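> coordinates for the following, if possible.
(2 chains)
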Number of protein chains: 2
Amino acid sequence: MHKVIAISREFGSGGRSIGHLLSVKLGIPYYDSEIVDRMIEKTGFSKEFVNEFSEDALGRTWMEAALVMRDTKGSSIQDQLWFIQKDIIKELAHNGPCVFVGRCADYILQQEPEIECISVFIHSSMDDRVERIVERYGETKESPKKRLRDKDKRRSTYYQYYTYTEWGNVHNYMLSLDSGKLGLDKCVELIANVFQ
Amino acid sequence: MHKVIAISREFGSGGRSIGHLLSVKLGIPYYDSEIVDRMIEKTGFSKEFVNEFSEDALGRTWMEAALVMRDTKGSSIQDQLWFIQKDIIKELAHNGPCVFVGRCADYILQQEPEIECISVFIHSSMDDRVERIVERYGETKESPKKRLRDKDKRRSTYYQYYTYTEWGNVHNYMLSLDSGKLGLDKCVELIANVFQ
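Purely as a prediction, here's the structure:
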């Protein structure tokens, strides 16, 4: 039995940075683009194509495609990618302790025997997140609040579609942390404490 | 500026025990029945009467009374008790670092200058909570699940009525912890880490 950390995060809450910092602090792998690389390898699809149907894809387009673009067995491209991604996440998690960010890893790994999944939700107030994304990604034509809401909506739609549970619902996570109030370093410290 | 811990908790999640343990570990006061005592002192009401209109009061009866039993200024007994309780919580919190469990203290203290409120939500799966309440309070005619749902419903109604925000919504808390998965001692350790 070994531990794996699976982080879900609101856009702009610094969840990805927390994942990176944890990976360095604990000396365990961090999986993000690695998963996309493996999906490309397994399917032969392009990186753009895989990303287009991932958790950050445009909500409405994603949902329309998920419901309409089905093959003769009733399975959509999204479904196929979901199953491939699920297998890759399980495979990586079984290799040993590691950190995942996003991709419903918390849900996927919760039922796995031999793995103790530390599921974490990182959130932060709208004001804190606005400050963070403007500092990180700069200003765009779209207001930062709209960008945040759109991205959260996409992640939430994706999560709900495949897990039948609510993204950000406190009951789905072992720990939920307000990164704006606690600071990224304190979040890393707390999660590391549970891991060790 | 000093820190105060305010714990909200699902019934049977061990939130009250966590509050007690924190108080001992950190050497700071824990306020629970102390608040009722002060309310009795201020109002002259009986203990039973104060408890009858508190957060654990019967949901429907409480709500009916809250809406119907109003004086000429439109204020119900619940409202009056709420304002008295609010003042007592603020007063105690201003005296120095301490731990509160329930009574919307997290909401009341979040806006207070000079106080850094560590707001915590303690939750646990239905199965873990059933096990805990049967062990602690024994079997009753009512099924444990019904008892849990009723009590949570009362706390949630009370919280929502006075704070206009959702009880157990991840965004209202600095930390939310699954006490069933983490264990009470680990919860105490994590909250103490944020306090220190």
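> does the closest residue to chain B within chain A belong to a helix, a strand or coil?
Distances from chain A to chain B, computed as Cβ to the nearest Cβ, single out residue A:176 as the nearest residue at 3.8 Å. All C-beta spots, glycine's among them, are computed from the backbone N, C-alpha and C. For residue A:176, the assignment made with DSSP: H, G, I helix; E, B strand; the rest coil gives strand.
> alongside chain B, which residues does chain A contribute?
Within chain A, the positions lying close to chain B (Cβ under 8 Å from any Cβ of the partner chain) are A:121, A:123, A:125, A:168-171, A:173-178, A:181-182, A:186, A:189-190, A:193-194.
> for whichever strand or helix holds residue A:35, packing partners?
Secondary structure assigned from DSSP states H and E places residue A:35 in helix A:33-43. Taking 3 or more Cβ pairs under 8 Å, 6 or more residues apart in numbering or on different chains; DSSP states H and E as contact, the helices and strands that helix A:33-43 lies on are helix A:47-52, helix A:77-95.
> reformat these as TSV; add mean pLDDT and mean neighbour count.
Supplementary listing: the helices and strands packed on helix A:33-43 in TSV, determined by pLDDT from 0 to 100; neighbours: other Cβ atoms under 10 Å in any protein chain shown:
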stretch	mean pLDDT	mean neighbour count
helix A:47-52	80	14
helix A:77-95	89	18
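> could I get those as TSV with distance to residue B:14?
Conversion of the helices and strands packed on helix A:33-43 to TSV gives the following (distance: least, Cβ to Cβ, whole Å):
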stretch	distance to residue B:14
helix A:47-52	43
helix A:77-95	29
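> can you list the low-confidence ranges for chain A?
Regions of chain A meeting the criterion pLDDT under 70 cover residues A:54-74.
> which parts of it are strands?
Counting by DSSP state E, residue ranges of the strands within chain A are A:2-9, A:30-31, A:99-101, A:115-123, A:175-178.
> still on that earlier bit, correct me if wrong: the residue of chain A closest to chain B contacts residue B:174.
No: between residue A:176 and residue B:174 no contact is recorded; they are 9.4 Å apart, counting by Cβ atoms under 8 Å.
> just the buried members of the residues of chain A next to chain B?
By neighbour count, with 16 or more other Cβ atoms under 10 Å in any protein chain shown, the residues of chain A next to chain B hold A:121, A:123, A:168, A:170-171, A:173-178, A:181-182, A:186, A:189-190, A:194 as buried.
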